[in-house]
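**Student:** Sequence plus the predicted model coming up.
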Amino acid sequence: MRLAVISYIKKCCNVTVCLMVLALFIASAVVAEATEEGIPCDAEPTNMNITYGYLVTCSLDDGDIDTFRFYGQAGETIWLHMHSQGSYPCIKLFKPDSTTVQHCSGTWNAYIESYLDQTGTYTITAQQHIFGGGFNYEISLQRVSPPSDGASLIQYGQTITDEINPESDADLFYFGGTIGYVITAQATSLSSPGCPCVALYRPDGTQVGTTNCACATAGVYATLDQNGTYSVLVTENGVNSTMGYQVFLDCSGGGCTSGYGFANVLGFDKGNSMDLLSNNAAIIAGYTSSFGAGMKDVAFLQVDAIGNIVSRRTYGGTNDDVANSIVKTADGGSVIAGYTNSYGAGNTDALILKLNSVGNIIWRRTYGGTNADIINSIIQTSDGGYIAAGETSSYSAGSADMLLIKLNSSGNILWRRTYGGVYSETATSIVQTSDGGYLVAGYTDSFGSGTIDALIMKLNASGNILWRRTYGGPNEDKAYSVLSTSDGAYIIAGTTKSFGAGNNDALVMKLDSSGNIQWRRTFGTAGDDGAYSITQTADGGYLIGGYAASFGSGPAEGLMIKLSSSGVAQRINSFGGAAADYILTTKETSSGDWVATGQTASFSSPLLALKVDSTGNIPACSYFTTPALTITAPSISATAPALSGSAPALSGSAPAFTITAPSIANTKICP
């Protein structure tokens, strides 16, 4: 997301440019550009909530004071700017303890760069420095350390084309730096006139040198003196309200590399689920038993595209609270689902948390009865609400039934359903289909060919069954992950003990829109192997995450398999050390890299986060192997079971969680 930022007006390059600046400023005092980016203000804003990455366009009456609020954390560095279109502005920043930072300008730009030394709600006031009539203005807020969520990754040797619009807009880029690297961050205008400005910020938020502004090309040249994430801020120097430009990052000396893969272990216990943001940062949810209020607490992490921790939270009570699923939401935040033993109506209740972009709770709910109720998967639906899938033993025809809960955007129940037989059914994954309905994946031991069969249900938008199928053989077969494919079909990933090479094999099935098998594959060894997640890649193929036995030095290795659209294995890679390692979620980034999260017992911390290139490797990382898996295409039996259903009266609560933001380890294993 681009942000409005600009430094105060520097000396112009020449007389002609100065006259252009004056003419543009006079014009902007009369009317605001119709094509400007930005979010309109509330009418006479009073404590309007904004966040990092916001550009707000406003109008101020003579003598008025507008106020805005944002949540900041100690240790962040922010860049705040007010650009006036017709008067001298004055901007003030009030910390949570009410102490003040201010800048009142003798030009049309006022700005504040501040290191935040407190955690809490900050207040911004915008007013005139010298009264004399109302005017239009823009407020922009950026976090330069760590970079705002909307910042773009730029790699060494890469050129990115973008645009400044309106005049107070700015773009933020970030890269991973190492002490001794000699870099140049450079911006070249594609507009005439056009005078870019470039500022470089260290991982600790301090600026490297000063902002460099020049007509045509501006840049910062530096020898890096810290390890970590650097930010590059590109603005326009007030010459043109719109400026196309190219930003280029160059690196020389000190062993510079363009590789951005990483293998990190982090101080939370397990990353059960992961999703990617638009800037390729990862949001991860699971649990921790090392931090928080109880035996296990829900754990939330945001890790940027080069492996640095951006945000972390724990949520919980005195007992076990665990997250099984996380997805990003349309408002820039996320929603987490799992279960709680600390709150609710029964011994275990379903738990859903709606979070903002940095992990603060917007709302939270428990759902359940007198026994155990668990959510394994949640998605945001096309109507802005949510649907959650899991299992219930509080309301079931057998020992446990599949449970679906449809919620509105505030977490209130719109409808709920159970599906099951005389024994146990579990829903592990859900997707919304193009017709507004849903496809649910899981497993059953009430129906099918064997001990446990994979169970797939197609539902309409109200939760009524359109078709259902079991898939399996004589032993245990489970579906853990489902997605809708680009050709209107479905693909399933899970495990099988009925087919394949060993005790347990990874299983992948491609289904048509009616649930008929188009192709199927098993991947395995003589030991235990399995698939926990599947995602579609940009080339129409698929990326699988799971585990494989008997390769490398440990009893289990994290497994990544790249398939073609027809199920042909194109790459198979495993990652691990001397103990057991598992990959639980995989995603493909917009640049074609793969990101994976899971659990490891081989290294100093248990939560595993990987980013590898499209070959499934990190250069010079010794923990990767290329296992020789046995691949089969088994004959799988399918049935259409007669499921029982109900619409249970779930109890709900909004528990008061203990929330912490602990300092956790982030140890780089590779490179």
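**Tutor:** Structure received.
**Student:** Tell me how many other residues surround Ile160.
**Tutor:** 17 (other C-beta atoms under 10 Å). Backbone N, C-alpha and C define where each C-beta goes, glycine included.
**Student:** what bridges to it?
**Tutor:** Val247 (DSSP bridges).
**Student:** Quick check: it vs Gly368, distance?
**Tutor:** 48 Å (C-beta to C-beta, to the nearest Å).
**Student:** Same check on Asp512?
**Tutor:** Applying C-beta to C-beta to Asp512 and Gly368 gives a distance of 36 Å.
**Student:** just Gln302 next, same as before
**Tutor:** 29 Å.
**Student:** Quick one: residues contacting Asp581.
**Tutor:** Applying C-beta atoms under 8 Å, 6 or more residues apart in numbering to Asp581 gives the contacts Tyr547, Gly554, Ala556, Glu557, Gly558, Phe575, Gly598, Gln599, Thr600, Ala601, Ser602, Leu608.
**Student:** and the least confident of these?
**Tutor:** Across those, the smallest pLDDT goes to Gly554, namely 67.
**Student:** And the strands in the stretch 101-250 of the chain?
**Tutor:** 109-115, 120-128, 135-145, 152-153, 159-164, 171-177, 182-189, 196-201, 212-213, 217-223, 228-236, 243-252 (DSSP state E, counting those that start in this stretch).
**Student:** of those strands, which approaches Gly541 most closely?
**Tutor:** With C-beta to C-beta as the measure, strand 152-153 is the member of the strands of the stretch 101-250 of the chain nearest Gly541 (23.5 Å).
**Student:** what's in contact with the closest one?
**Tutor:** Counting by C-beta under 8 Å, 6+ apart, residues outside strand 152-153 touching it are 160, 171-175, 260, 279-280, 304-306, 591.
**Student:** Could you identify the buried members of the residues you listed?
**Tutor:** Ile160, Asp171, Leu172, Phe173, Tyr174, Phe175, Tyr260, Asn279, Asn280, Asp304, Ala305, Ile306 (16 or more other C-beta atoms under 10 Å).
**Student:** Among these, which one lies nearest to Gly473?
**Tutor:** Nearest member of the buried ones among the contacts of strand 152-153 to Gly473, counting by C-beta to C-beta, is Asn280, at 39.5 Å.
**Student:** So the closest one, which state does it fall into?
**Tutor:** Following DSSP: H, G, I helix; E, B strand; the rest coil, Asn280 is assigned to coil.
**Student:** Could you do Pro662 as well?
**Tutor:** Pro662 ends up coil, using three-state DSSP.
**Student:** List the residues that contact it.
**Tutor:** Pro662 touches Gly267, Phe291, Gly292, Arg312, Thr314, counting by C-beta under 8 Å, 6+ apart.
**Student:** Neighbour-wise, give me the winner out of the residues you listed.
**Tutor:** Counting neighbours by other C-beta under 10 Å, the top entry in these is Thr314, with 26 neighbours.
**Student:** May I ask which of the contacts of Asp581 has the most neighbours?
**Tutor:** Gly558 (31 neighbours).
**Student:** Which strand residues bridge the closest residue to it other than its chain neighbours?
**Tutor:** Nearest residue to Gly558 in three dimensions, chain neighbours excluded: Ile583, at 3.9 Å (C-beta to C-beta, 6 or more residues apart in numbering). The partner list for Ile583 in beta bridges (DSSP bridges) reads Gly598.
**Student:** Surely Ile583 and Leu610 touch.
**Tutor:** Yes - using C-beta atoms under 8 Å, Ile583 is in contact with Leu610, at 7.4 Å.
**Student:** in the chain, which ranges drop under the pLDDT threshold?
**Tutor:** Applying pLDDT under 70 to the chain flags the ranges 1-38, 105-106, 131-133, 167, 238-241, 253-260, 550-554, 643-646, 649-652.
**Student:** quick one, helices of the chain?
**Tutor:** 15-30 (DSSP state H).
**Student:** How is it divided into domains?
**Tutor:** Split into domains by automatic domain parsing, the chain comes to 15-252, 259-380.
**Student:** circling back to that earlier point, out of the contacts of Asp581, who's nearest Val101?
**Tutor:** Leu608 (40.7 Å).
**Student:** In contact with that closest one, which residues?
**Tutor:** So Leu608 contacts 263-265, 271, 558, 581-583, 596-600 (C-beta under 8 Å, 6+ apart).
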